[in-house]
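In: Task: produce atomic coordinates for the following.
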Amino acid sequence: MDRWLSRLERRFGRYAPSNVTFWLVGLSGFTYALLYVKPEALEWLILDPSAVARGEVWRLFTFLFLPWGGGTGVLGPLFTIFALLFLYTVGTSLEAEWGSFRFDLYYLIGVLGTIVASLLVGPVTNAYLNLSLILAFATVFPDYEILLFLILPVKMKWLGLLDAGFLGWAFLGGNANVKAGIAAA
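Out: Next comes the predicted model:
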């Protein structure tokens, strides 16, 4: 697999955009602000295959920037800011470790898998795609330590195990859309 990736990288690596995580986080923050002001806009952004079939092709991209249930209360914006900062840390660290080409390919395969899963079973969320980044980060940087709730030091290997357990539990108890989203990510 590594030889195949190296060959692809030599051939197409110069075309790989760098700092994709910056755009992902920035557009996610913009989308959250938009949905905070106008929650009904969510219906125009989700990945709905029937809407895509009617010509609403922007949904193939906008679902990537949807928030992960930040809510509209006092903790909603605060949680979203921390979640976006964490996503930025995870994404930029993986891109620095793997290189732009491999990180972009990893995310692109997850995006395409999520789109295909949505076309097969119905609407699928981007949450599992972003959770797969946490699993990858925990695999590459198991001893990286974060402060949970800004107080408790936790190593990424434990958060990765917790994430894997959550994904396993969601896969076993979820409907076809959840299972397809997890499998695609």
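In: Check which helices and strands the longest helix that the chain contains is in contact with.
Out: Using DSSP state H, we find that the single longest helix of the chain is helix 75-98. Contact here means 3 or more C-beta pairs under 8 Å, 6 or more residues apart in numbering; DSSP states H and E; on that basis helix 75-98 packs against helix 20-37, helix 100-121, helix 127-140. C-beta: built from backbone N, CA, C; applies to glycine.
In: Nearest to residue 52 among the ones you listed would be which one?
Out: Of all the helices and strands packed on helix 75-98, helix 100-121 sits nearest to residue 52, with 7.8 Å by C-beta to C-beta.
In: now that closest one against helix 127-140, angle please.
Out: If you take axes from the mean of the first three to the mean of the last three C-alpha atoms, to 10 degrees, helix 100-121 sits at 140 degrees to helix 127-140.
In: buried stuff in helix 100-121?
Out: Across helix 100-121, burial judged by 16 or more other C-beta atoms under 10 Å covers 100-107, 110-111, 113-115, 117-118, 121.
In: Also stretch 44-56?
Out: Those would be 45-49, 51-52, for stretch 44-56 by 16+ other C-beta under 10 Å.
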